[in-house]
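Q: heads up, no residue letters with this:
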């Protein structure tokens, strides 16, 4: 008779050679995953590409609306959430890991390590995309269709939005770490969304930049966590 098995749980992680090697392998596998996509994966990608393409047609109008409807409150909010996609977002999980070491709590250490792995992989993929797709930022262009050849003009680095990728990597990792805390996901994703929108509000990104950056952070992080759970899922037993 087949035993019923509980869903895979997060395992304890240690910062060692195996963790680093596994992280490199995970990053390579996720980057190459389109080669193994099935029909449902291509449908999801097509939906995202279609949404981004549609937003590109509206980028200029969205920019104009946000630039002409600003006030002290919205400006303060934008400034408050912007660091979530920058300094705060990048260092949350390393800080959690260091805290785990300080209080000698392996579970806290593991949260920090898993989140740091997801952040590293999604950030590398995001910045690779910036180098391949050289799009001029909205504060330097009057049209969303100014592009340069791959690996050329350094200041053409609008697409995708790294702030959005970092914010949604953080939100997705927290949601996956604490699935039983029903308030974590809504709060985390709300803050991530405001962070992404702040980049359009500040005229640093086009709207289509942030939707792709957000999707990248979300789906890459889910892939990192799902790979980790599959590796640690207990083997089925029969009797």
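A: Sure thing, it's come through. Remember, predicted model here, so these are calculated numbers, not experimental data.
Q: which other helices and strands contact the helix or strand containing residue 108?
A: Taking DSSP states H and E as the definition, residue 108 sits inside helix 106-132. Where contact means 3 or more Cβ pairs under 8 Å, 6 or more residues apart in numbering; DSSP states H and E, helix 106-132 is packed against helix 17-31, helix 87-103, helix 162-177, helix 207-232. Where you see a C-beta, it was placed from the backbone N, CA and C, and this is true even at glycine.
Q: Pick the most deeply packed of those helices.
A: Ranked by average neighbour count under the criterion mean count of other Cβ atoms under 10 Å, the helices and strands packed on helix 106-132 are headed by helix 162-177 at a mean of 27.
Q: what's the angle from that one to helix 207-232?
A: If you take axes from the mean of the first three to the mean of the last three Cα atoms, to 10 degrees, helix 162-177 sits at 30 degrees to helix 207-232.
Q: Give me the average confidence score over helix 162-177.
A: Averaging pLDDT along helix 162-177 yields 97.
Q: So what's the gap between that helix and the chain middle?
A: Centroid separation for helix 162-177 versus its chain: 5 Å, with Cα atoms, centre = their mean, to the nearest Å.
Q: helices and strands around it, which ones?
A: Judged by 3+ Cβ pairs under 8 Å, 6+ apart, helix 162-177 is in contact with helix 87-103, helix 106-132, helix 184-201, helix 207-232.
Q: among the ones you listed, which gets the worst mean confidence?
A: Comparing mean pLDDT over those, the weakest stretch is helix 207-232, at a mean of 92.
Q: Okay, angle between that helix and helix 106-132 too, please.
A: Helix 207-232 runs at 140 degrees relative to helix 106-132, counting by the same axes, to 10 degrees.
Q: can you list the residues that contact the next helix or strand after the helix holding residue 108?
A: Following helix 106-132 in sequence order, the next helix or strand is strand 134-135 (DSSP H and E). With contact meaning Cβ atoms under 8 Å, 6 or more residues apart in numbering, strand 134-135 is reached by 144, 146-153, 156-159, 206, 209.
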